[in-house]
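J.: This is a predicted model, with the sequence first.
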Amino acid sequence: QVQLVESGGGLVQSGGSLRLSCAASGRTFSNDIMGWFRQAPGKEREFVAAITWRRYITYYADSVKGRFTISRDNGKNTVDLQMNSLAPEDTAVYYCAARNTGNIYSPVSYDFWGQGTQVTVSS
């Protein structure tokens, strides 16, 4: 059974940092693109960042570029999201996604999802 489990969410003040981690089990994702999405209340799930499996090419949403960094460890089957300079508008449930089969920026193109971890940024 494939599982993606996120951890590292929590409450942080504006300007602070958090590091999210996603651990995959049940299969290896070392050959797949992995990504992070987020969903705020009343809003659609939106792309945050993604990383390719071979050359570790990274993609970011404009809203997080320069503040967030995605990384992966294929040996450990994990993908992390370092989030710096957090702002209240970053408040959302963050989801790990794996095995992209199309548009990197679209959630419908990912086959596997974690349960999400809440990130709350206070002003």
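T.: Looks like it arrived, so ask away. Worth saying up front: this structure is predicted, and the values here are computed from it rather than measured.
J.: So for the chain, the centremost residue is which one?
T.: Trp36 (2.2 Å; C-alpha atoms, centre = their mean).
J.: what sits against that one?
T.: 20, 22, 48-50, 70, 79, 81, 94-97 (C-beta atoms under 8 Å, 6 or more residues apart in numbering). (Glycine included, C-beta is placed from N, CA and C.)
J.: what do you get for Asn74?
T.: Contacts for Asn74 (C-beta under 8 Å, 6+ apart) come out as 28-30, 53.
J.: Check the residues you listed for burial and list the buried ones.
T.: 29, 53 (16 or more other C-beta atoms under 10 Å).
J.: would you list the contacts of Asn74 in CSV and tack on pLDDT and secondary structure?
T.: Formatted as CSV, these follow (pLDDT from 0 to 100; DSSP: H, G, I helix; E, B strand; the rest coil):
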residue, pLDDT, secondary structure
Thr28, 79, coil
Phe29, 81, coil
Ser30, 76, coil
Trp53, 83, coil
